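# Fold the following and give me the result.
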Amino acid sequence: MNRGPLKVGIIGQGRSGRDIHGNLLQQIPDFYRIAAVADALPDRRQLAEKEYSCRAYGSWEEMVANEELDLVVNASPSDQHYSISLDLLNRGVHVLCEKPL
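Numbering: from 1, shown residues only. As a prediction, this is how the structure comes out:
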């Protein structure tokens, strides 16, 4: 059964979120579609909307509340990985967490 690409949300549009995860996901559109990003910096949100043709939010909480995502890539600052990933998992969200946890 082919259900189409997974809808992905990316937390953070810094080096890991944009240059690693976002760049890779864009190269395999048959499997993944970047549906939304969350980043506190307005210029990063605007760039993501342009590059990914997605919605952008100022917080991951807002992104998760407003999107039906199949997967969230947590590329937030390192000191936030654990708390955000745990909260997402407790909400029943599938998470790929950038290191370190």
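# Only the C-alpha atoms, please, for stretch 21-28, written as PDB.
Listed next in PDB are the C-alpha coordinates belonging to stretch 21-28 (Å, rounded to 0.1, in the frame of the first residue of the first chain):
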ATOM      1  CA  HIS A  21      17.900  17.000   7.700                       C
ATOM      2  CA  GLY A  22      16.100  19.500   5.500                       C
ATOM      3  CA  ASN A  23      18.600  19.100   2.600                       C
ATOM      4  CA  LEU A  24      18.300  15.300   2.700                       C
ATOM      5  CA  LEU A  25      14.600  15.200   3.000                       C
ATOM      6  CA  GLN A  26      14.100  17.500   0.000                       C
ATOM      7  CA  GLN A  27      16.200  15.000  -2.100                       C
ATOM      8  CA  ILE A  28      13.800  12.100  -1.500                       C
END
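# Counting neighbours, which bits of the helix or strand harbouring Glu61 end up buried?
Following DSSP states H and E, one finds Glu61 within helix 60-66. For helix 60-66, a neighbour-count test (16 or more other Cβ atoms under 10 Å) marks Trp60, Met63, Val64 as buried. Where you see a C-beta, it was placed from the backbone N, CA and C, and this is true even at glycine.
# Please pull up the helix or strand immediately following that helix.
Downstream of helix 60-66 (by DSSP H and E), the next one is strand 71-74.
# and that following strand, what does it pack onto?
Contact here means 3 or more Cβ pairs under 8 Å, 6 or more residues apart in numbering; DSSP states H and E; on that basis strand 71-74 packs against strand 6-11, helix 60-66, helix 81-90, strand 95-97.
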